[in-house]
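Undergrad: Return atomic coordinates for the entry below.
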Amino acid sequence: MTWEPERLDDQRHLSDGDPGGMLPAVAAAAAHVRTGYRSAVEARVDRLAGMGRPRAVVVAGMGGSGIAGDIMAAAVGNGAPLPIITLRSYQLPGWVGATDLIIAVSGSGDTEETLAVATQAVRRGCTLLGVGAPGSPLEAIATQASAVYVPVPVSGQSRAAVWLLTVPLIVAAAALRLVPADQELFERVATALEDMAHRCRPSSESFVNPGKSLALDVAESLPVIWGSSAAASVAAYRLACQLNTNAKYPAIYGELPEAGHGQVATFDGPMAERDIFADAPAHALRLVVLRDVEEHPQLTRQREASLRLARDRDVPVTELAAEGTHPLERMASLILLGDYASTYLALGYAIDPSSVSAISELKARISQ
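TA: Take a look at the predicted model:
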């Protein structure tokens, strides 16, 4: 597989090389926000308010579904009066009990890890909220337990429907008075996503297209992706995951300030060396920093110092700033940019961004 940047502006290639329609799916993010909100309202997620505030919220989900819990926690922020935990596992922690809210999220509605957790939640008497495909095993578990269930019309890959799966969780958080969120906020988020989708559209050429530009930066490098706040770190993690699944491309995720106590040392390692006389570019480090307007002052100093440190060692740097006032808006702008970039990176390598044959094979081997 060779990187050919001219593919990014070849409209025929972008169409033929994307038989699963990942680019159109990514472009539907704004519509997913509106549909997710409508689905949550119609499912009467506000009924959770009548059950009282839980001791803790545990969001169970894998892959593109699990990120919904991270987004929810970052949207609520440090002022949360209770812990919000994302669980990517088969088993609930031992401390979880009847006073806790378990939110089981699965785009397909049949993710075995999530079904296992939802079943355990019912057995322990927890309050359960399910979000996933209609008519699925997850809905059956929720229905049998008389739990609230939000059916969302996920088609294709769940990772391309992150907002369909996430918005019901934010509606639930608003019902529990954990975060102020109303239809006006979701409309602002949808509008921001529409703007980013327009800027990253396939017909927009690489030199003015932020999604293609980020793909060009990342190509033929090992990206080290850092977030400078809770919201930016969720977007950084999402970008690393999307590079893995869409582009089949390795990426290292980190969060400041922790990355400054470990990953920064890689700037002095073998992957940071560059041979300026080589015929082809070396697959060396590139630092990608996602920054937010809400940063601890000391963290801002560390981010700026880290960028200088990288540049002093000739490690190339890409810095991206979040846009918007609410944390949900800022995450949305960065997440959609990364979704586009990972898809364009795949297409630049002539890789089908929808295909996940290794994941499918792994699941098949486990089920035998």
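Undergrad: Surely residue 2 touches residue 349?
TA: Yes: with contact defined as CB atoms under 8 Å, residue 2 and residue 349 form a contacting pair (7.3 Å). C-betas here are computed from N, CA, C, even on glycine.
Undergrad: Those two: which has the busier surroundings?
TA: More neighbours sit around residue 349 than around the other of residue 2 and residue 349, counting by other CB atoms under 10 Å; the figures are 20 against 8.
Undergrad: Would you mind measuring from the spatially closest residue to residue 32 that is not a sequence neighbour to residue 336?
TA: Here the nearest residue to residue 32 in space, its sequence neighbours aside, is residue 163; by CB to CB, 6 or more residues apart in numbering that works out to 4.0 Å. Separation of residue 163 from residue 336 (CB to CB, to the nearest Å) stands at 9 Å.
Undergrad: Helix, strand or coil: sort out residue 225 for me.
TA: Following DSSP: H, G, I helix; E, B strand; the rest coil, we place residue 225 in the strand state.
Undergrad: oh, and call the first residue 482 from now on, that's how I've got it
TA: Right, with 482 as the first residue, what we last looked at is residue 706.
Undergrad: who's in contact with it?
TA: Applying CB atoms under 8 Å, 6 or more residues apart in numbering to residue 706 gives the contacts 717, 720-721, 732-735, 769-771.
Undergrad: what are the ranges of the helices in the stretch 532-681 of the chain?
TA: 548-557, 593-604, 618-625, 643-656, 664-680 (DSSP state H, counting those that start in this stretch).
Undergrad: any chance of the ones you listed in a markdown table, with distance to residue 741 too?
TA: What follows is these, written out as a markdown table (distance: least, CB to CB, whole Å):
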| stretch | distance to residue 741 |
| --- | --- |
| helix 548-557 | 20 |
| helix 593-604 | 33 |
| helix 618-625 | 40 |
| helix 643-656 | 28 |
| helix 664-680 | 29 |
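Undergrad: Nearest to residue 751, out of the ones you listed?
TA: Ranking the helices of the stretch 532-681 of the chain by proximity to residue 751 (CB to CB) places helix 548-557 first, at 31.8 Å.
Undergrad: For that closest one, list the C-alpha coordinates in CSV.
TA: Output in CSV follows, covering the C-alpha atoms of helix 548-557 (Å, rounded to 0.1, in the frame of the first residue of the first chain):
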residue,chain,number,x,y,z
ILE,A,548,-16.9,6.8,22.9
ALA,A,549,-20.4,8.0,23.7
GLY,A,550,-19.7,7.6,27.4
ASP,A,551,-16.5,9.6,27.2
ILE,A,552,-18.3,12.4,25.4
MET,A,553,-21.0,12.4,28.0
ALA,A,554,-18.4,12.6,30.9
ALA,A,555,-16.5,15.4,29.2
ALA,A,556,-19.7,17.3,28.5
VAL,A,557,-20.8,17.2,32.1
